[in-house]
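Quick check, what structure comes out for this input:
(chains A and B)
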Amino acid sequence: MSVVEEHRPEVGNARLRKEDAHLVTGQTNWTDNITPPGTLHIAILRSPMAHARITDIDLGPARDRPGVVAVFSGRDVADEQGTLPCAWPVTEDMVHPDHPALAVDEVRFAGEAVAVVVARDTASAVDALEAIEVDYDPLPVVLDMEAAVADGSPLVHADKGTNSSFTWVFDSAEAGTGGSVDEALGDAEVTVSRRFLQQRLIPSFMEPRSVVVDPTGGQFTMWSATQIPHILRLMLALTTNTPEHKLRVVAPDVGGGFGGKLQVTPEEVITLVAAKRLHKPVKYTETRSDSLLTAHHGRDQIQQLDLAARRDGTITGLKVRLLANMGAYLGLVTPGVPLLGAFMFNAIYKMPAYRFECTGVFTNTAWTDAYRGAGRPEATFAIERMMDELAAELGMDPMEVRRRNWIAHEEFPFTTVAGLTYDSGNYEAATDKAMELFGYDALRREQAERRERGDPVQLGLGISTYTEMCGLAPSRVLGSLSYGAGGWETASLHMLPSGKVEVVTGSSAHGQGHETAWSQIVADQLGVPFEDVEVLHGDTRVSAKGMDTYGSRSLTVGGTAVIAACGKVIDKARKVAAHMLECAEDDLEFADGSFRVKGSPGSEKSIQEIALATFAAHDLPDGVEASLDSDATFDPENFSFPHGTHLCATEVDTETGMVKIRSYVSVDDVGHVVNPLIVDGQVHGGLAQGIGQALFENAVYDSDGNLLTGTFVDYTVPSPADLPAFTTARTETPATTNPLGVKGVGEAGTIASTPAVVNAVVDALRPMGVNDVPMPCSPHRVWQAIQDANGGASS
Amino acid sequence: MIPAAFEYVRPDSVEEAVSALRQAGEDAKVIGGGQSLVPMLRLRLALPTTLVDLGRIEELRGVRDDGDAIVIGAMTTHHDVLGDALVQRYAPLVAQATETVGDRQVRNLGTFGGSLAHADPAGDLPAVAVALDAQMVVAGSSGRRTVPAADFFVDYLTTVLEPDELLAEVRVPKLDGWGVHYEKFHQTAQAWAIVGVAAAVRRSNGSIAEARVGLTNVASVPVRGRAVEAALAGGEASAGAIASAAEQAGEGTSPSTDLTGSAEYRQHLSRVLTRRAVSAAAGL
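Here you go, the predicted model:
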């Protein structure tokens, strides 16, 4: 007879994270901590030239250096290294150049790997790099996208005959989702045209990338600081001639990724090739400077927008033309990143006509790929800036312009002009809450007073009413976009004989808190204690299949798979329980972790008792296997659409250009919340990165293609000292497309905050004639914008 | 990143240190707290053959009273400078600027003398030393010599120190009854100054009797704002007079253009920040 206590709901409980105690006390298992016996260490020689032909490499002197075991160049491994994969050929005729892990004949960006030293210790390997002689024959460099697509430009890949990788178009008139944007612009009462630059950013994960490959035992085990152990395993199998079943990939503790570890990297291939050649464990751990130079970069778009509207503020059409910088090569999902934005420029607004056109451009720079938000921050920035510009053009309050155009609460589900169906949302509720927390009207009054008295420190208010598409992704949609894989997720559940639970997820956490959130979900589903659930992930031997973690997908897709796996275990346990209790399955109800016979108090079996009975298997019903395990895969029918309203107040010192964020309010609607603490943490971190783009971060190359921001002295990521205290709040409009009603929160703060901040900066300066400040809005750029607007009158 | 190989010497006295430098030749480098040098070593931007570590030389640490000046040992950490009663009493401008150096970890390891001898024009302390007419006491093979701060800084990362010399201590003249302010302008908390201005003002009745101004990161060396000082001296301690004098702040500057700002912007900031620094020092 078991004693069953009522199970208090775990979902919604701000549990401290299971992960944190070991992370903050150094009990961690980072890749660089893993050193199998006899491990050799790699150092990589990188190109100092942005574009050059390699005419000769002399590796001989490096081989003679102390501690050196092997030295090789791209020519030595040309056949073994294959070409790095791009899984997203967005058009049939996409120009897709080979992407060698180690350059063979030509380097195309500064930092490209040219030669490898393998030594008994890292210091010997690094020292030996200096003994390698490389002769480079410089080739013309092209860095600017508009120059790269102009006639006669130097070519990044001469054999391709063009620097344009693809042009991808969505037109609502052609798609049947709306009218012709050119007609809308022609007929418009008012048009607003703007050109925005999405500067290049560098995903600054805390743990630099690291990879260890151990070839011991006839299979290859790769530990890597990656977001995507499953995708990595498959891609390496396909590109390096390593049978998939002989390759195990493990993502141990991973210190952040932000998209920057959503990649199959040259360093992973090089380390695998070295381990294969030398039959020894091999390790590579990058330095921060290597990371800034060569880990893929993000953003980097030139955006041209033309907005058509009526004088009352109603939008009648939007035309978007993008140049998206691919860098020198295509990474895993590089071409797809700007196209995720194609569905988001229309944002929360109803518009009758829309056209999006994007050309991917090769330049002699590090390749770009996903960075927190991936296409959606760029789109959200542009449309939210445009809404403010439209308001200024019409002399309307910027929130009023938004209200006039957004999808009303009662209009959901709503199919947008970009063809997505937003299942749910309540923009009014989120906005009302944000306006109240912010004190919008009082701040507007203070702004007017400061303007009146000519205060050198002006106040600006910035708005961002955003949405995003999360829960990547319905496999059918990915197929229609030519992506090379599906968007499902897996979960497995194992009821152990003692009643404890192992849940295996195909989603691969690298800081998100899966172990905590998944435990909360399983605890509620099975009625077991939170502490009794162990979440396993990030090892292809433990979870054979998965689609990993990116695009705010883990909870909506992976969490739903966990629920499905729980359901299968409960179904099976019901059979056993019915047998044990000698009743029909239909007579049983399952609650608080126990099956009870309806109307027969005291007649019950706990899930733990059933687990033990199933393990013993002494008396199982016919046809029931002796295990209480399950596997489930969930493929979403639709994306999820978190939204929210962010408001920012900036004080701008017009004498120096310094921007200070005085207050920041975010009201996010991410649906139901499994763990409020985790959600708050995601929002805070997201805000920091979005504000980083707005005010601080910028990856800069000089005119020869050398990265000038190769350390954190020059690539300025904000620290807590540079950020305000955030006011965060939520509304809860559940998603209708998954059983938890969740929508995802990993990217919301980043997507929303950049335009809120820049709108606030521009709003402060608008009376001075400023209608844009290029990002990042550094003091110098803000000051320069003021000078440019008033001819330097206040200098 | 891993530094290239070098010899390492850790002497117990200034004499031993100088002797080690003489023996090691031109490519030796003195290391104090290492907060500037170690990153350069790790990036292999500095490739010394020998490092002479002053960390064990007790006589180079601490602050003492020496009549009309206080003397700060070159190996005194920023943290210890900040907490020193003599510095707080007689050289509060040093304390204010020191408080803005790096972050807490840097201030716990980095040294007063190291910051000066490194001679980064974006460093905060060189402009303060120049503004306060500090005297740099240099130890070398032929004994000690004293160099005025104004003559100590030669160029970007370059001082008058010979290869066999080290900065031993710094004499900072006492300023009693002066108002001081260090105005550091930087975007992120840990960043170098885009421009910084150190100001010290002695007021007499309603006027400014005397002023000292030093500018950070507006040339390859710290710059003394002589023209501003002359314009302020004897003038009114008023916002208008100070603003007018601060218009001279660009004189003698030759700022560089980098990622944080153009030369023109730095000259503009020199004027704005000089006005603010002097106003704050004058108690306005």
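
what helix or strand is residue A:298 on?
If you go by DSSP states H and E, residue A:298 is part of strand A:298-309.

Can you list the strands that that strand pairs with?
The strands beside strand A:298-309 in its sheet (DSSP bridges) come out as strand A:190-201 (antiparallel), strand A:315-327 (antiparallel).

With respect to burial, which of these scores highest?
Of all the strands paired with strand A:298-309, strand A:315-327 has the most neighbours on average by mean count of other C-beta atoms under 10 Å in any protein chain shown, namely a mean of 25. Backbone N, C-alpha and C define where each C-beta goes, glycine included.

Report all helices and strands that the helix or strand following that strand contacts.
Toward the C-terminus, strand A:315-327 is succeeded by helix A:336-340 as the next helix or strand (DSSP H and E). Counting by 3 or more C-beta pairs under 8 Å, 6 or more residues apart in numbering or on different chains; DSSP states H and E, the packing neighbours recorded for helix A:336-340 are strand A:315-327, strand A:354-362.

Minimum distance to residue A:538: which of the strands paired with strand A:298-309 has it?
strand A:190-201 (25.9 Å; C-beta to C-beta).

what's the following helix or strand after the closest one?
Following strand A:190-201 in sequence order, the next helix or strand is strand A:210-214 (DSSP H and E).

Hmm, residue A:525 and residue A:591 touching each other?
No: between residue A:591 and residue A:525 there is no contact under C-beta atoms under 8 Å: 11.3 Å.

Measure how far stretch B:166-184 is from the centre of its chain, please.
Distance of stretch B:166-184 from its chain centroid, counting by C-alpha atoms, centre = their mean, to the nearest Å, is 9 Å.

Within range of chain A, give me the residues from chain B.
Taking C-beta under 8 Å from any C-beta of the partner chain as the measure of proximity, chain B contacts chain A at B:1-2, B:4-5, B:39, B:43, B:185, B:187-192, B:194, B:259-262, B:265, B:268-269, B:272-273.

still on that earlier bit, could the helices and strands packed on helix A:336-340 go into a markdown table alongside mean pLDDT and distance to residue A:649?
Converted to a markdown table, the helices and strands packed on helix A:336-340 look like this (pLDDT from 0 to 100; distance: least, C-beta to C-beta, whole Å):
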| stretch | mean pLDDT | distance to residue A:649 |
| --- | --- | --- |
| strand A:315-327 | 98 | 26 |
| strand A:354-362 | 98 | 32 |
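
tell me the strands in the stretch 51-200 of chain B, going along the chain?
Ranges of strands in the stretch 51-200 of chain B, per DSSP state E, counting those that start in this stretch, are B:63-66, B:69-73, B:135-140, B:143-148, B:153-155, B:158-159, B:166-173, B:179-185, B:195-204.

counting contacts, what elements does the second one pack onto?
Same thing as strand B:69-73. In this structure, strand B:69-73 makes packing contacts with strand B:63-66, helix B:85-90, helix B:112-118, strand B:166-173, judged by 3+ C-beta pairs under 8 Å, 6+ apart.

Convert the C-alpha atoms of the third one to PDB, please.
This points to helix B:112-118. C-alpha atoms of helix B:112-118 as PDB (Å, rounded to 0.1, in the frame of the first residue of the first chain):
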ATOM      1  CA  PHE B 112      51.300  52.900 -10.200                       C
ATOM      2  CA  GLY B 113      54.800  52.800 -11.700                       C
ATOM      3  CA  GLY B 114      53.800  50.200 -14.200                       C
ATOM      4  CA  SER B 115      51.000  52.400 -15.600                       C
ATOM      5  CA  LEU B 116      53.400  55.300 -16.000                       C
ATOM      6  CA  ALA B 117      56.400  53.400 -17.400                       C
ATOM      7  CA  HIS B 118      54.100  51.600 -19.900                       C
END
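
tell me the mean pLDDT for that helix?
Taken as a whole, helix B:112-118 has a mean pLDDT of 98.

Can you name every helix or strand that it contacts?
With contacts taken as 3+ C-beta pairs under 8 Å, 6+ apart, helix B:112-118 sits against strand B:69-73, helix B:78-82, helix B:125-131, strand B:166-173.

In TSV: these, plus mean neighbour count and mean pLDDT.
Below are these laid out as TSV (neighbours: other C-beta atoms under 10 Å in any protein chain shown; pLDDT from 0 to 100):
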stretch	mean neighbour count	mean pLDDT
strand B:69-73	22	98
helix B:78-82	22	98
helix B:125-131	30	98
strand B:166-173	24	98
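
Please determine how far the residue lying closest to residue A:104 once chain neighbours are set aside is located from residue A:220.
Spatial nearest neighbour of residue A:104, excluding adjacent residues (C-beta to C-beta, 6 or more residues apart in numbering or on different chains): residue A:74 at 4.0 Å. Between residue A:74 and residue A:220 the distance is 21 Å, computed by C-beta to C-beta, to the nearest Å.

again with residue A:434
Taken as C-beta to C-beta, the span from residue A:434 to residue A:220 is 51 Å.

where along the stretch 601-750 of chain A do the strands fall?
Along the stretch 601-750 of chain A, counting by DSSP E, counting those that start in this stretch, strands occupy A:604-606, A:629-634, A:643-653, A:659-669, A:726-730.

Out of those, which gets nearest to residue B:219?
With C-beta to C-beta as the measure, strand A:643-653 is the member of the strands of the stretch 601-750 of chain A nearest residue B:219 (24.1 Å).

Are the closest one and chain B in contact anywhere?
No: using C-beta under 8 Å from any C-beta, strand A:643-653 never reaches chain B; the gap is at least 9.0 Å.

So for that strand, what gets flagged as buried?
Buried residues in strand A:643-653, defined by neighbour count with 16 or more other C-beta atoms under 10 Å in any protein chain shown: A:643, A:644, A:645, A:646, A:647, A:648, A:649, A:650, A:651, A:652, A:653.

got the contact list for the third one?
Residue A:645 makes contact with A:427, A:430, A:431, A:433, A:434, A:435, A:463, A:464, A:465, A:666, A:667, according to C-beta atoms under 8 Å, 6 or more residues apart in numbering or on different chains.

Which secondary structure element is home to the second one?
When you say that, I think you mean residue A:430. Counting by DSSP H and E, residue A:430 is found in helix A:427-438.

Report the angle between the next helix or strand after that helix and strand A:643-653.
Proceeding N to C from helix A:427-438, the next assigned helix or strand is helix A:440-453, under DSSP H and E. Helix A:440-453 and strand A:643-653 are oriented at 20 degrees to each other (axes from the mean of the first three to the mean of the last three C-alpha atoms, to 10 degrees).

Other residues contacting helix A:440-453?
A:399, A:457, A:458, A:459, A:460, A:461, A:647, A:649, A:763, A:764, A:767.

wouldn't residue A:308 be in contact with residue A:317 here?
Yes: contact criterion C-beta under 8 Å: residue A:308 and residue A:317 qualify, at 4.0 Å.

Can you pull the residues that touch both of these two?
A:181, A:184, A:185, A:188, A:353.
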